[in-house]
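[1] Structural data only, the sequence is not supplied:
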């Protein structure tokens, strides 16, 4: 199936199911769709609280648990959705084939490799040209998963003689690996002066053909760095930053691109502005909140971190119940980021702090136990609302990725989309490879 047809199928599904995933759980006092999907609501409340995290982290298990009830609700209304598509997407993007040779113009690639083998193989490919000793120096002070991502991404960058433009480079870890491993000139764009200086120092020490440009990726001067005989790469450039690269590269007719998008919600506008003509025709109107849905899957957090997060959510919602009763508001009141140390104190102390932050006047006497209980009740509710929404997180992320893919195809690029590393290395493992056919 072509990328355009995949996009259309996803768009139809997401447009039909908006009631279930385009929600704000913190605003809700009940399951917002329970009258429309009663069997799904019943199934949700039959799930023990202790199971929620494991289900949420396993999209295949999540689909298996919730899809039958959803299908029953749809059948009762005489409606059919292609829920099998969600089941397929739950397994994640198909990895690229072992070697990044030619790029298929319209069809996705498939691999016989198991996902758990992909990261190890990609790491081996990304090490080409570096000795074990050199790799030790190049990976120093980089966290394990991040280094795995860099190696796997580098393995997908097609070797050549063209200059590489590293977009949103940080210290230039990816660029230096490519400069060394592929013996290529690299220009690394980064807006933080300190990171540029650190990267330049390493490049000078190792006599690498890598130079840093300190600048804003959203500026016109950054666009001037893009040129035709070039390969632009971006590993997890956030929202508007990688969108700027795609638009600029298409305009400059940059020969080749390798882009792994991240943080779709970090955009300049209140709502997402599609790139492709297909997406521009969609009924979907995506807010920044909606764009966070694909990111609501953590494969990193440990049990302690998850427990603290659940406690924080319950306390936030408990305070919200209190402020609603005091102010008469019917809307959730967000409060600033909470320090972990604050969760070691009492709920009362937390509410006093939150009230000070939001200028809410607390009475001398209020029922701490009552509002703490209400907070935990709403926490149980929001977790279940989110669980259903998370059925569609892979679908929405693929919709966003395919918008980018279809845009590049419309601009004349041959494009391939796949996973550059295993999901356990990073949930944002989607990689777009594009090349102008005349090059």
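    Structure's in. What do you need? Model, not experiment: these values are computed from the prediction. Residues are numbered from 1 along each chain as shown.
[2] by contact count, what packs against the longest strand along the chain?
    Across the chain, the longest stretch assigned as strand under DSSP state E is strand 230-238. When contacts are defined as 3 or more C-beta pairs under 8 Å, 6 or more residues apart in numbering; DSSP states H and E, strand 230-238 sits against helix 144-154, strand 163-166, helix 173-181, helix 239-252, strand 256-262. All C-beta atoms are positioned from the backbone trio N, CA, C, and that covers glycine.
[3] Output the lowest mean pLDDT helix or strand found in this protein.
    Among the helical and strand segments of the chain, the one scoring lowest on mean pLDDT, DSSP states H and E is helix 115-126, with a mean of 43.
[4] I'd like the average pLDDT over the following helix or strand past that helix.
    Counting by DSSP states H and E, the next helix or strand C-terminal to helix 115-126 is helix 132-138. Across helix 132-138, pLDDT averages out at 85.
[5] Stretch 344-358 now?
    97.
[6] re earlier: out of the helices and strands packed on strand 230-238, which gets nearest to residue 291?
    Of all the helices and strands packed on strand 230-238, helix 239-252 sits nearest to residue 291, with 7.8 Å by C-beta to C-beta.
[7] quick check: angle from the closest one to strand 230-238?
    160 degrees (axes from the mean of the first three to the mean of the last three C-alpha atoms, to 10 degrees).
[8] For helix 239-252, buried residues please.
    Buried positions in helix 239-252, judged by neighbour count with 16 or more other C-beta atoms under 10 Å: 239-246, 248-250, 252.
[9] Pipe those into JSON lines and attach distance to residue 78 and pLDDT per row.
    As requested, these are exported to JSON lines (distance: C-beta to C-beta, whole Å; pLDDT from 0 to 100):
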{"residue": "239", "distance to residue 78": "39", "pLDDT": "96"}
{"residue": "240", "distance to residue 78": "42", "pLDDT": "97"}
{"residue": "241", "distance to residue 78": "45", "pLDDT": "98"}
{"residue": "242", "distance to residue 78": "42", "pLDDT": "98"}
{"residue": "243", "distance to residue 78": "40", "pLDDT": "98"}
{"residue": "244", "distance to residue 78": "45", "pLDDT": "98"}
{"residue": "245", "distance to residue 78": "46", "pLDDT": "98"}
{"residue": "246", "distance to residue 78": "41", "pLDDT": "98"}
{"residue": "248", "distance to residue 78": "48", "pLDDT": "98"}
{"residue": "249", "distance to residue 78": "47", "pLDDT": "98"}
{"residue": "250", "distance to residue 78": "44", "pLDDT": "98"}
{"residue": "252", "distance to residue 78": "51", "pLDDT": "98"}
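[10] how about residue 217, what does it touch?
    167-168, 189, 191, 237, 241, 244-245 (C-beta atoms under 8 Å, 6 or more residues apart in numbering).
[11] Closest one to residue 294 out of the residues you listed, please.
    residue 237 (15.5 Å).
[12] I'd say that closest one and residue 257 touch.
    No - when contacts are counted by C-beta atoms under 8 Å, residue 237 is not listed as touching residue 257 (11.5 Å).
[13] Surely residue 26 touches residue 382?
    Yes - shown here, residue 26 and residue 382 form a contact pair, counting by C-beta under 8 Å, at 6.1 Å.
[14] Any chance you could list residues touching both of those two?
    Common neighbours of residue 26 and residue 382 (C-beta under 8 Å, 6+ apart) are residue 317.
[15] that older thread, quick one: average pLDDT of the longest strand of the chain?
    Computed over strand 230-238, the average pLDDT equals 97.
[16] Direction included, what does that strand pair against?
    strand 163-166 (parallel), strand 256-262 (parallel) (DSSP bridges).
[17] so where's this protein shaky on pLDDT?
    98-129, 298-301, 439 (pLDDT under 70).
[18] got the contact list for the residue nearest the centre of it?
    Centroid check for the chain by C-alpha atoms, centre = their mean gives residue 295 as the closest residue, at 4.1 Å. Shown in contact with residue 295 (C-beta under 8 Å, 6+ apart): 263-265, 427-428.
[19] Tell me which of those fall in strands.
    Reading strands off those, I find no matches (DSSP E).
[20] a markdown table for those, including distance to residue 372 and neighbour count?
    Formatted as a markdown table, those follow (distance: C-beta to C-beta, whole Å; neighbours: other C-beta atoms under 10 Å):
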| residue | distance to residue 372 | neighbour count |
| --- | --- | --- |
| 263 | 33 | 18 |
| 264 | 35 | 25 |
| 265 | 31 | 18 |
| 427 | 32 | 20 |
| 428 | 36 | 21 |
